[in-house]
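In: give the three-dimensional model of this entry:
(one chain, ligands or ions: 1)
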Amino acid sequence: MQSGSVTVTLERGAATLVFKHVPAQVCDNCGEAYVDETTTEHLLAAAEAAVDAGVQVEVREFAAA
Ligand SMILES: [Zn+2]
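Out: Residues are numbered from 1 along each chain as shown. Alright, predicted model coming up:
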């Protein structure tokens, strides 16, 4: 596994959110990316907030704040 970043797309209802440069561990063999639990929680929380704000499609840089 190597540290890297991936693009994650989440769909929630009518909203589609694309997060770029999400930190992940990437498998040396098959290239599959694993995003850790804390990062996943940030993504899901951001997705929920976007849905509440009425976002339909958005592309953003991942920010671990
Ligand atoms: Zn693998």
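In: please give the element, helix or strand, for the most far-flung residue of the chain relative to its centre.
Out: For the chain, the largest distance from the centre (Cα atoms, centre = their mean) belongs to Asn29, which lies 22.2 Å off. Using DSSP states H and E, Asn29 sits within no helix or strand.
In: roughly how far is stretch 29-47 from the heart of the chain?
Out: Mean C-alpha position of stretch 29-47 versus that of the full chain (Cα atoms, centre = their mean, to the nearest Å) differs by 6 Å.
In: list the buried ones in it?
Out: Across stretch 29-47, burial judged by 16 or more other Cβ atoms under 10 Å covers 33, 35, 39, 42-43, 46-47. From N, CA and C alone the C-beta is placed, and that goes for glycine too.
In: list the contacts of Asp36.
Out: 23-25 (Cβ atoms under 8 Å, 6 or more residues apart in numbering).
In: what about the residues you listed, which are in strands?
Out: Using DSSP state E, the members of those that fall in strands are 23-25.
In: please tell me how far the residue lying closest to Val22 once chain neighbours are set aside sits from the ion.
Out: Nearest non-adjacent residue to Val22, counting by Cβ to Cβ, 6 or more residues apart in numbering: Phe62, 4.4 Å away. For Phe62, the distance to the ion (Cβ to the ion, to the nearest Å) stands at 22 Å.
In: look up how far Glu32 lies from Phe62.
Out: 18 Å (Cβ to Cβ, to the nearest Å).
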